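Peer 1: predicted model follows, preceded by the sequence.
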Amino acid sequence: MKLGALSISLSVKDIHVSKKFYETLGFTVFAGEIEKNYLIMKNGNALVGLFQGMFENNILTFNPGWDENANKLDSFNDVREIQQHLKDNGLKFEQEADTTTSGPASIVLIDPDGNPVLIDQHV
């Protein structure tokens, strides 16, 4: 199963302070708008999303259909296929994708330790 690019989405208290911290670690702004309280920062293949005031917990995020540069992959598992596979294996969802649609959709699961996992397809 191909889940696509992995990033961590961090719930931050002050996006400006967090931006400076991750820049010191060698990350650069890849996407987002600081004025809208979110940035995606990149260091090589590593992606860290900074989100101020958007959600409570940190989230593991996978993007089916994208590589770490947000380039569309030629071959990937659609989020609805992933959802069905996970359902067939007994996992429960916080949010499900509509199986009657195609294209962008997302699902949310909670791992055994309470960490949200977002599988967010943009293509």
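Peer 2: Sure, I can see it.
Peer 1: in a strand, that's where residue 106 is, yeah?
Peer 2: Yes: counting by DSSP: H, G, I helix; E, B strand; the rest coil, residue 106 is part of a strand.
Peer 1: what's the closest non-adjacent residue to it?
Peer 2: Excluding the flanking residues, the one nearest residue 106 by C-beta to C-beta, 6 or more residues apart in numbering is residue 120, at 4.2 Å. Any C-beta I mention is one placed from the backbone N, CA and C, and that applies to glycine too.
Peer 1: assign that neighbour to helix, strand or coil.
Peer 2: strand.
Peer 1: ranges for the strands of the chain?
Peer 2: 5-12, 28-33, 38-43, 46-52, 59-63, 105-110, 116-121 (DSSP state E).
Peer 1: would you mind giving those strands as CSV with distance to residue 75 added?
Peer 2: CSV is the format used below for the strands of the chain (distance: least, C-beta to C-beta, whole Å):
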stretch, distance to residue 75
strand 5-12, 14
strand 28-33, 23
strand 38-43, 23
strand 46-52, 21
strand 59-63, 14
strand 105-110, 18
strand 116-121, 14
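Peer 1: now those strands in CSV, with mean pLDDT and mean neighbour count?
Peer 2: Listed next are the strands of the chain as CSV, based on pLDDT from 0 to 100; neighbours: other C-beta atoms under 10 Å:
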stretch, mean pLDDT, mean neighbour count
strand 5-12, 97, 18
strand 28-33, 98, 13
strand 38-43, 98, 19
strand 46-52, 98, 20
strand 59-63, 97, 20
strand 105-110, 98, 18
strand 116-121, 98, 20
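Peer 1: pretty sure residue 73 sits against residue 63.
Peer 2: No: applying C-beta atoms under 8 Å, one finds residue 73 not in contact with residue 63, separated by 9.5 Å.
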